[in-house]
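[1] Structure for the following, please:
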Amino acid sequence: MTALSAEETRRYARHIVLKGMGGEGQQKLKAARVAVVGAGALGSPAIAYLAAAGIGHLTVIDSDEVSLSNLQRQILHRTGDIGEAKVASAGRFVAALNPHVSMDCRLARIDRGNAGALLGGHDLVLDGSDNLSTRLAVAGAAETLAVPLVSGAISMFDGQVTVFAPHLARPDGSPYPGFRALYPEDADDADLPSCEATGVLAPLAGVIGAQMAMEAIKLLTGIGTPLLGRLMLYDGKAGRMTEVDY
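    Model prediction:
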């Protein structure tokens, strides 16, 4: 593993003294290559916490520009970033937060044709995209590449997080479920509520995006039990989390 510098040891001191993480876990984070699809509502907190935690390399993939309406919930971006590519704004944020993180900003719309090339070479993928066609492309590529996929979604006051890794086996030897276990073949973007039409409460993005970062760190370090085959549901109005096996 790559050794931590003296400055990194001080920066990550609260991780290094954390039982179960320690220096070994921090070195695993430093060695990791993580791709995040979307630098918007969910990508923003996920990217921020992954960078702060010391992920060695982050690739951020997004084709959109920052707009005024994004600023209500997309915490990577500032008023002065309006009109700029979200990946450029995300890159500046990460560089200012943690210079030990290598950043690859990909201004691209991910689809079935390029998903494999964009996601190849990573240890883990996080998907915070806002449409089903992108999610299908990302999930298909992650499954082909045999890379775990942390998937989050939000709408109005509610959110959800899970981990897809059908290349991994349960204790009984059967594979963990993949994307299609939750989304049927005939699912369409028209079946899903849009943020523009229904709205979303700003802090909800932080709750779910941070949970996605938590799952990523658990998978990379081997700490705890990831949400494999389990869907965590968050009801923001009730302040309640529930879980569904699938």
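[2] switch to C-alpha atoms for all contacts and neighbour counts from now on
    OK.
[3] Spell out, range by range, the strands that occur in the chain.
    Assigned by DSSP state E, the strands in the chain fall at 33-37, 57-62, 102-107, 124-127, 149-155, 158-164, 230-235, 240-245.
[4] May I see those organised as a markdown table, with distance to residue 135, mean pLDDT and mean neighbour count added?
    Formatted as a markdown table, those follow (distance: least, Cα to Cα, whole Å; pLDDT from 0 to 100; neighbours: other Cα atoms under 10 Å):
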| stretch | distance to residue 135 | mean pLDDT | mean neighbour count |
| --- | --- | --- | --- |
| strand 33-37 | 9 | 98 | 25 |
| strand 57-62 | 13 | 98 | 23 |
| strand 102-107 | 17 | 98 | 18 |
| strand 124-127 | 7 | 98 | 26 |
| strand 149-155 | 9 | 97 | 25 |
| strand 158-164 | 12 | 98 | 23 |
| strand 230-235 | 16 | 98 | 18 |
| strand 240-245 | 20 | 97 | 11 |
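[5] who wins for proximity to residue 8 among the ones you listed?
    strand 102-107 (14.0 Å; Cα to Cα).
[6] can you tell me which residues contact residue 213?
    45-47, 49-50 (Cα atoms under 8 Å, 6 or more residues apart in numbering).
[7] swap that for residue 90, please
    Applying Cα under 8 Å, 6+ apart, we find residue 90 in contact with 39, 44, 60, 76-77.
[8] How about residue 182?
    By Cα under 8 Å, 6+ apart, the contact set of residue 182 is residue 246.
[9] Tell me the confidence at it?
    The predicted structure scores residue 182 at 92 on the pLDDT scale.
[10] shift numbering so it begins at 20
    Right, with 20 as the first residue, what we last looked at is residue 201.
[11] Contact partners for residue 119?
    27, 73, 75.
[12] Which among the residues you listed count as buried?
    When those are checked for burial by 16 or more other Cα atoms under 10 Å, the buried set is 73, 75.
[13] Return the member of the contacts of residue 119 nearest to residue 171.
    So of those, ranked by how close each gets to residue 171 (Cα to Cα), first place is residue 73, at 21.3 Å.
[14] Quick check: that closest one touching residue 48?
    Yes. Counting by Cα atoms under 8 Å, residue 48 is a contact partner of residue 73 at 6.0 Å.
[15] need the contacts of residue 119 in JSON lines with pLDDT and distance to residue 200, can you?
    Converted to JSON lines, the contacts of residue 119 look like this (pLDDT from 0 to 100; distance: Cα to Cα, whole Å):
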{"residue": "27", "pLDDT": "98", "distance to residue 200": "41"}
{"residue": "73", "pLDDT": "98", "distance to residue 200": "32"}
{"residue": "75", "pLDDT": "98", "distance to residue 200": "32"}
